[in-house]
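Asks: Next come a sequence and a model predicted from it.
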Amino acid sequence: MTGTRRAPEELPPAVVEAAVAWMVKLQSGWATPQEHQACDHWQRERPEHARAWADLQAFSQRVKTLPPALARGTLAAARQSERAPRRRAVLKGVVLLAGTAGIGFAAAPDGGWPALMASHRTGIGERRRVVLADGSVLQLNTATALDARVDAHRRCVDLFSGEVLIECVRDRATPSTPFVVRTAQGRLQTAAGRFIVRQLDGRTSVQALEGWIDAQPSREATTATRHRLGPGQQWSFDALGAGPAGTIDGSAGAWVNGLLVARDMPLAELVAELARYRKGWLRCDPAVARLRISGVFPLDNLDRVVAALQRTLPVRARAITAWWVTLEPR
């Protein structure tokens, strides 16, 4: 008797998201033994957890690259490869494989004259770690400029442009002294915690990873009003306090390790993020802007990223010069 093989059930998106987040955390080099144990516990909690993790591990072995590249869409495509053509599969997601080191360009970031005179800066594609006098740590992302002042009376960072991950410790000498971050749109304050601040065009984005963050837009009607963000929360606001709030995922801050994590992201949005790390002009033609991608993308060799996009999506890179590249329909 010949039976029909049953197609594997689709994994819930939330389960695959969690598996990707765990893999990114364990590959970061910062994972503690307790976090490895927690991941093992997560895998044993439910059969679908174990299945998602096994699929990711198997895919990593097939591509044989370090670090393993992950993609939710490609993972789903691999599970449905007997039912869908490859072209349909790659339109759902893309995995980019690269591991070579890039070269940072010493270019001044945006932010005007204060940014040019900032005490700490990174060029396009450069990341930098700064340890302050109180033991707090600043992780500067690409094209970032800030001033940091720590003394007996204050702990203050002025972010003029770019993005910074702050690991703020409690001041031992004066525990009541808050850690303050000022941007063009407002002020952030905490006693101790771990959070990300990004200075956007007319907006400030803050992600609370650990601890509590008080955010106060600069032009709110009631200046005494503060918005408190707890661990796992994020808010993007303008000077009037308008803007979306939400929750963060396990990949927040992956750029510290040279990775960009995309989850069902439009190609145009991915290209805009990649362009922050590339000197010159990288853009996306509107005709392919809505292609959606999930994956983990290395940031240190964007030419290889663009080449991989051309191999896996129906796009091609049209270069006017080495500095001006547009992704357009193939």
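Replies: Everything's here; your move.

Asks: For Trp324, give the beta-bridge partners.
Replies: Beta-bridge pairing of Trp324 under DSSP bridges involves Trp281, Thr321.

Asks: Hmm, Gly280 and it touching each other?
Replies: Yes: counting by Cβ atoms under 8 Å, Gly280 is a contact partner of Trp324 at 6.2 Å. C-beta: built from backbone N, CA, C; applies to glycine.

Asks: Now do the same contact list for Gly230.
Replies: Ala208, Trp212 (Cβ atoms under 8 Å, 6 or more residues apart in numbering).

Asks: try 6 Å
Replies: With contact taken as Cβ atoms under 6 Å, 6 or more residues apart in numbering, Gly230 is in contact with Trp212.

Asks: cool, Arg290 as well?
Replies: Pro266.

Asks: looking at the protein, which helix or strand is least sure?
Replies: In the chain, no helix or strand scores lower on mean pLDDT, DSSP states H and E than helix 86-92, which sits at a mean of 33.

Asks: which sections of the stretch 51-200 of the chain are below the confidence cut-off?
Replies: 58-113, 115, 174 (pLDDT under 70).

Asks: That one: strands as residue ranges?
Replies: With DSSP state E, counting those that start in this stretch as the criterion, the stretch 51-200 of the chain has strands at 120-121, 128-131, 137-140, 145-150, 155-168, 179-182, 186-190, 193-199.

Asks: Give me the angle between the fourth one and strand 193-199.
Replies: With axes from the mean of the first three to the mean of the last three Cα atoms, to 10 degrees as the criterion, the two stretches strand 145-150 and strand 193-199 enclose an angle of 140 degrees.

Asks: In strand 145-150, which residues are buried?
Replies: Across strand 145-150, burial judged by 16 or more other Cβ atoms under 10 Å covers Ala145, Leu146, Asp147, Ala148, Val150.

Asks: repeat for the third one
Replies: Under the neighbour-count criterion of 16+ other Cβ under 10 Å, strand 137-140 has Leu138, Gln139, Leu140 buried.

Asks: so how far is Ala275 from the first one?
Replies: Taking Cβ to Cβ, to the nearest Å as the measure, Leu138 and Ala275 are separated by 24 Å.

Asks: got it, and the second one?
Replies: Gln139 sits 21 Å away from Ala275, going by Cβ to Cβ.

Asks: mind listing the helices for this structure?
Replies: Applying DSSP state H to the chain gives helices spanning 13-27, 33-45, 47-63, 72-79, 86-92, 112-116, 267-275, 302-312.

Asks: Now do the nearest residue to Leu146 once chain neighbours are set aside: how many residues are near it, please.
Replies: Sequence neighbours aside, Leu159 is the residue nearest to Leu146 in space, at 4.8 Å (criterion: Cβ to Cβ, 6 or more residues apart in numbering). When neighbours are defined as other Cβ atoms under 10 Å, Leu159 has 27 of them.

Asks: list the contacts for Leu159?
Replies: Per Cβ under 6 Å, 6+ apart, neighbours of Leu159: Leu146, Thr183, Val197, Gln199.

Asks: Need the buried ones from those residues selected in PyMOL.
Replies: Here is the PyMOL command that selects the buried residues among the contacts of Leu159 (16+ other Cβ under 10 Å):
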select buried, resi 146+183+197+199
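
Asks: closest to Leu267 among the contacts of Leu159?
Replies: Gln199 (24.8 Å; Cβ to Cβ).

Asks: which residues does that closest one contact?
Replies: Leu159, Ser161, Thr183.

Asks: go again using 7 Å as the cut-off
Replies: For Gln199, the contact set (Cβ atoms under 7 Å, 6 or more residues apart in numbering) comprises Leu159, Phe160, Ser161, Gly162, Thr183, Ala184.

Asks: One more: Trp255?
Replies: If a contact means Cβ under 7 Å, 6+ apart, then Trp255 has Asn141, Leu299 as its contacts.

Asks: returning to that earlier point: including distance to Val271, could the contacts of Gln199 go into TSV?
Replies: Output for the contacts of Gln199, formatted as TSV (distance: Cβ to Cβ, whole Å):
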residue	distance to Val271
Leu159	25
Phe160	25
Ser161	20
Gly162	19
Thr183	25
Ala184	25
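
Asks: Quick check: the farthest pair among those residues?
Replies: Gly162 and Ala184 (12.3 Å).

Asks: ok, those two, which is more surrounded?
Replies: Gly162 (24 against 19).

Asks: Identify the residue nearest the more buried one in space, chain neighbours excluded?
Replies: For Gly162, the closest residue by Cβ to Cβ, 6+ apart turns out to be Thr144, at 2.7 Å.
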